[in-house]
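Novice: Predicted model and sequence below, questions to follow.
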Amino acid sequence: MSVVIVRDAASMIISVGEEITKVLGWLPDEFVGHPSTDFVHPEDQPTAVAAWFEMIDRPGEMCTWQGRYRTSDGAWKWVECVNVSMLEDPVNPVVRTTMRHVAVDQVNVAEELRTRKQLLSRLSDAMPIGMFQIDADKNATFTNDRLHTILGHSASATIDAQFSNIDEDDRIHLESALNAVLANEAIDDVELRFSRTSGERPLEERVCVLSMRPLTDEKGDVTGAVGCVSDITAQVLLRRQLEVRANTDELTSCLSRARILEVLSEELERQKETPGGTAVIFIDLCGFKTVNDEFGHATGDQFLKVAGNRLRFAIRQYDRVGRFGGDEFLVVCPRVETAPMSLDIAKRITASLTQPVHGTSNVVELRASVGVAWSSAIIDADTLVAQADHAMYASKRSGSSTVVLFSDTDRIP
């Protein structure tokens with residue numbers, strides 16, 4: 001049993017056959033004058049609306065939709081509607097629909113598919129990660145709510161538009177990953193950065209990890225891909241903070257002992273391929289223990305902070321300074337052509353360092369013993385630091401705060 005329903009461009013029912021009483025139990029007059037969505041099950045309305053617009057875009061073609069219609073006794077019955085758009089007819093622009101009951105086996109299949117689709121949709125929205133699906137042309141066929149929240153971007157038709165706020169430097173990595181997954185390759189842990197706004201808050205950077213898997217048909221041809229996006233911004237910030245703490249002395253903001261030695265090793269390794277040499281300046285602050293004893297540890301800490309600041313502002317743009325321990329500092333100076341030039345650099349740094357420190361209630365004279373070692377030959381970091389340390393002790397023994405340059409004739413105990 002089937003019935004013909006005629007609707008206008010707004011989906012309003014304008015006529016219906018008497019067979020509607022046998023199909024759904026309604027009298028024709030009870031059906032006419034209502035939009036068809038008044039009778040469609042709420043869960044099936046999205047697919048009904050989608051089918052309606054698809055049918056409008058294909059005038060003259062038959063488009064089929066299955067779903068549940070409300071019967072006159074309040075129950076729900078599965079029907080199949082074959083729609084044909086005649087809206088381009090200048091005389092009688094209507095949509096003609098033939099409705100019939102759906103066989104039980106067809107209902108079970110449709111219901112099973114609907115249930116599975118709903119389950120996957122609800123499950124994906126409950127996941128703490130963003131999820132999406134694309135076809136072979138990179139059109140977005142599915143995106144979940146979490147993806148929109150992570151990216152700060154509403155649902156878009158294509159994956160390029162969905163990821164439009166990606167950092168320009170990372171766009172090439174996204175394109176490479178998409179091309180690779182559509183070439184049937186698995187993609188894991190591609191780190192991408194996005195700029196996101198949230199309400200009235202300013203632009204913020206989000207760091208995400210992208211993974212994707214290809215989708216194939218029964219022949220093994222790639223038809224699209226599924227992907228997930230995880231927001232790792234908090235982890236990246238924590239990682240950066242830990243790196244800063246590991247590489248920076250908290251009190252003076254100079255590099256840590258471990259990091260300044262790494263910098264020296266890197267420069268000496270690089271020196272094999274570049275002309276010139278590398279200098280190390282070893283600085284020991286004089287009288288630091290006396291400052292602590294007379295004025296307290298707070299003044300001593302201020303003493304070290306001032307020394308660190310002065311050193312960081314006195315060095316050249318490619319020099320690096322680290323706190324070697326206690327009241328000792330180490331300056332690494334690459335691109336120094338000769339040993340006398342390294343001595344001149346050390347004297348200039350020392351001159352800016354050894355100025356009085358004005359505290360809240362006292363003035364402390366800042367003095368230092370300074371040793372310099374320079375080499376253009378292949379040498380390891382420990383040896384060059386030992387040479388600078390040896391020269392620093394020669395400066396300390398002189399008692400005049402002069403800068404001492406290590407000589408190859410010097411012997412290190």
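Specialist: In hand now; what should we look at? Numbering: from 1, shown residues only.

Novice: Show the subsequent helix or strand relative to the helix or strand that contains Cys81.
Specialist: In the assignment (DSSP states H and E), Cys81 maps to strand 76-85. Under the assignment DSSP H and E, the closest C-terminal helix or strand after strand 76-85 is strand 95-101.

Novice: In the sheet, which strands lie alongside that following strand, parallel or antiparallel?
Specialist: The strands beside strand 95-101 in its sheet (DSSP bridges) come out as strand 2-7 (antiparallel), strand 76-85 (antiparallel).

Novice: okay if I get those strands as JSON lines plus distance to Leu151, mean pLDDT and mean neighbour count?
Specialist: Using the backbone N, CA and C atoms, a C-beta is placed for each residue, glycine as well. As requested, the strands paired with strand 95-101 are exported to JSON lines (distance: least, CB to CB, whole Å; pLDDT from 0 to 100; neighbours: other CB atoms under 10 Å):
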{"stretch": "strand 2-7", "distance to Leu151": "39", "mean pLDDT": "93", "mean neighbour count": "18"}
{"stretch": "strand 76-85", "distance to Leu151": "36", "mean pLDDT": "91", "mean neighbour count": "19"}
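
Novice: May I see these arranged in CSV, with distance to Pro356 as well?
Specialist: What follows is the strands paired with strand 95-101, written out as CSV (distance: least, CB to CB, whole Å):
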stretch, distance to Pro356
strand 2-7, 92
strand 76-85, 90
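
Novice: tell me what the longest strand along the chain is packed against?
Specialist: The residue-count maximum for a strand in the chain (DSSP state E) belongs to strand 201-216. Applying 3 or more CB pairs under 8 Å, 6 or more residues apart in numbering; DSSP states H and E, one finds that strand 201-216 makes contact with helix 145-151, helix 168-181, strand 187-198, strand 222-231, helix 233-247.

Novice: I'd guess Glu218 is in a strand, am I close?
Specialist: No - read with DSSP: H, G, I helix; E, B strand; the rest coil, Glu218 is coil and lies in no strand.

Novice: Give me the domain ranges for the chain.
Specialist: Here the domain parsing of the chain from automatic domain parsing is 2-110, 127-237, 248-405.

Novice: now, of the ones you listed, which is deepest in the fold?
Specialist: When you average the neighbours per residue for each of those (mean count of other CB atoms under 10 Å), domain 248-405 leads with a mean of 18.

Novice: average pLDDT across that one?
Specialist: Mean pLDDT, domain 248-405: 87.

Novice: Show the model's pLDDT score for the residue minimising distance to the centre of the chain.
Specialist: Among the residues of the chain, the one closest to the centroid is Val207, at 1.4 Å (CA atoms, centre = their mean). Looking at Val207, its pLDDT stands at 90.

Novice: Run through the residues that contact it.
Specialist: Contacts for Val207 were tallied using CB atoms under 8 Å, 6 or more residues apart in numbering; they are Glu191, Leu192, Arg193, Phe194, Asp231, Ile232, Thr233, Val236.

Novice: quick one: which of these is nearest to Leu178?
Specialist: Among the contacts of Val207, Leu192 lies closest to Leu178 (CB to CB), at 11.6 Å.

Novice: Tell me the bridge partners for that closest one.
Specialist: Under the criterion used (DSSP bridges), Leu192 bridges to Cys208.

Novice: what's the spacing between it and Asp231?
Specialist: Relative to Asp231, Leu192 is positioned 11 Å away (CB to CB, to the nearest Å).

Novice: what's the overlap in contacts for those two?
Specialist: Each of Val207, Cys208 lies in contact with both Leu192 and Asp231 under the rule CB under 8 Å, 6+ apart.

Novice: could you pull out the helices for the stretch 251-400 of the chain?
Specialist: 257-270, 288-295, 297-314, 339-353, 381-398 (DSSP state H, counting those that start in this stretch).

Novice: show me where pLDDT drops low in the stretch 101-250 of the chain?
Specialist: Along the stretch 101-250 of the chain, the parts satisfying pLDDT under 70 run over 104-127, 196-203.

Novice: Surely Asp44 forms part of a helix?
Specialist: Yes - judged by three-state DSSP, Asp44 forms part of a helix.

Novice: Run through the bridge partners of the nearest residue to it once chain neighbours are set aside.
Specialist: Distance criterion CB to CB, 6 or more residues apart in numbering; nearest residue to Asp44, sequence neighbours excluded, is Gly67 at 3.6 Å. Beta-bridge pairing for Gly67 (DSSP bridges): Val79.
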